[in-house]
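J.: Next input, structure requested:
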Amino acid sequence: MAASSATGASPEGPKIVWNETQRRFETEDKKAYIEYVLRHDGKVMDIIHTFVPSSKRGMGLASHLCVAAFHHANSHSLSIIPSCSYVSDTFLLRNPSWNSLLYSEDLRSNI
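T.: Next up, the predicted model:
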């Protein structure tokens, strides 16, 4: 499947689409996205980059993209490595409930 809906459009936020082919979650217009790489035989999602164009900043899109990626990882039994500084330094500090999905520091060197 090239793309599928990760979250539906709702009053809480924009519709985020999973683009499996390009390994990213993106807004419908594809201008804001979060990219990942699968590691450890596809069991670990390494989130490597978050991008929101300046025209769309301040709308909470980066957070919505993270939530879509974390929900996806949770529903597919994946662990997450937050290589992207936005994810590690901002999103997870504001949303510590997602820390349970993080890949163990002890196992990072084995990837």
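J.: Quick check, Lys31 in contact with Arg57.
T.: No - judged on CB atoms under 8 Å, Lys31 makes no contact with Arg57 at a distance of 11.3 Å. Any C-beta I mention is one placed from the backbone N, CA and C, and that applies to glycine too.
J.: burial of Ile47, as a residue count?
T.: For Ile47, the count of nearby residues is 25 (other CB atoms under 10 Å).
J.: Can you give me the buried ones in the one helix or strand it maps to?
T.: Ile47 belongs to strand 44-51 when assigned by DSSP states H and E. For strand 44-51, the neighbour count (16 or more other CB atoms under 10 Å) marks 44-48, 50-51 as buried.
J.: repeat for stretch 91-101
T.: Neighbour-count burial for stretch 91-101 [16+ other CB under 10 Å]: 91-92, 98, 101.
J.: which stretches of the protein have low pLDDT?
T.: Filtered on pLDDT under 70, the chain yields the residue ranges 1-12, 105-111.
J.: Please identify the longest helix in it, counting by residues.
T.: As assigned by DSSP state H, the longest helix anywhere in the chain is helix 61-75.
J.: can you map out the strands along this structure?
T.: Using DSSP state E, the strands found in the chain span residues 3-7, 16-19, 24-27, 33-39, 44-51, 79-81.
J.: which one of those strands lies closest to His71?
T.: strand 3-7 (6.9 Å; CB to CB).
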